[in-house]
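>>> Next input, structure requested:
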Amino acid sequence: MSTLTTPLALSVPARKELSWPAYARGQFLLSWRVFWRNRRSTFIGFLLPVLLNLVIAAPLRDKEIGGVNAAAYSTIGFIGFTLVTSFINLLNGVVARRDDLVLKRLRGTEVPATAIFAGQFGAAGAVVLLQVLVLGGTAVVWFGAPLPADPLLFLLTLTGGFLLFAILAVALSGITPSAESAPMIATPVLLICMFASGVVAPLSSMPHWLQGPAHNLPLAPVVETLRTAWFGRGFGTESWSSAALPELDLVHGWQHAATALLIIAAWTAGAAVLGRRLFRWEPRHG
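Sure, this is the predicted structure:
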């Protein structure tokens, strides 16, 4: 009797020794390995923004917009675009894990639900940081951009934008029937964010009746504030033919960014509410 109960008795405290950070770390390492082993996720989630930036930004090196180099302007826009490609991979990952019953099995263990998503979000966030280093380095070294004028505002905006799109990925997984159908959900989001959020060109180049709605899309305020934080100028009203935007000190930079940060916060809150209503731990089919 004692030989049977002793291993069991030892195993219970051993499980209790695992903390929330340990569970989250395990999910992080798993998501990290899966990301880099999957060629599709590596291309979309890491290489796509970098390659698109080289193709689109390089020809703009001799132009200027809002008082800054247009190629650097576009490159900072693509830093915002990395959040969209991260959204696509998170959406695919959550749906695939749900359909493979991984989420259902994890839900039945002692692993906290928050640790499951913290690990996935952490791995996706680490990829975004790598892309920021690559794209930011390109802007500074190749296109002659200055270092960020307000690193704190830049990091806050990047973090807020990442959380917005990560939570949105979890929410929209609830209406995604399967991993195969995930592109039907992800592609429209990608295209709208790519062409209607000021990633490549200022929103003023769009038809006038579209500019107002475009400014309130989830990515537009992120891109606008990333540029304000990086260049220290009040972006949002620039155009290809406009004069240089005035430089802002730190206080006025935050004041200029306040509205955009509120829009990001509102979208994040809406995505969280949507996620609570739509997210499923089990497959939608069968």
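>>> hang on, Arg284 in a strand?
No. Membership of Arg284 in a strand is not supported by DSSP: H, G, I helix; E, B strand; the rest coil, which gives coil.
>>> Secondary structure element for the spatially most central residue of the chain, which one?
The centre of the chain sits closest to Leu83, judged by C-alpha atoms, centre = their mean, with a distance of 2.5 Å. Assigned by DSSP states H and E, Leu83 belongs to helix 70-99.
>>> residue ranges of the helices in the stretch 151-286 of the chain, please?
With DSSP state H, counting those that start in this stretch as the criterion, the stretch 151-286 of the chain has helices at 151-173, 182-195, 208-215, 220-231, 250-278.
>>> re the thing from before, give the rounded mean pLDDT of the very next helix or strand once past the helix holding Leu83.
Note on helix 70-99: by DSSP H and E, the next helix or strand toward the C-terminus is helix 102-107. For helix 102-107, mean pLDDT is 88.
>>> Check stretch 128-140 too.
Mean predicted confidence for stretch 128-140 is 96.
>>> do the same with stretch 193-212
On average, stretch 193-212 scores 90.
>>> Could you check that stretch and say which residues are buried?
193-194, 196-204, 206, 211 (16 or more other C-beta atoms under 10 Å). All C-beta spots, glycine's among them, are computed from the backbone N, C-alpha and C.
>>> same thing with stretch 102-114?
Going by 16+ other C-beta under 10 Å, stretch 102-114 has these buried residues: Leu103, Leu106, Val111.
>>> Tell me the one among those residues nearest to Phe231.
Ranked by distance to Phe231 (C-beta to C-beta), those are led by Leu103 at 41.7 Å.
>>> so how far is Gly174 from that closest one?
Leu103 sits 12 Å away from Gly174, going by C-beta to C-beta, to the nearest Å.
>>> same check, this time on Leu158
According to C-beta to C-beta, Leu158 stands 26 Å off from Gly174.
>>> neighbour-wise, which of the two wins?
Higher neighbour count among Leu158 and Gly174: Leu158, with 22 against 17, using other C-beta atoms under 10 Å.
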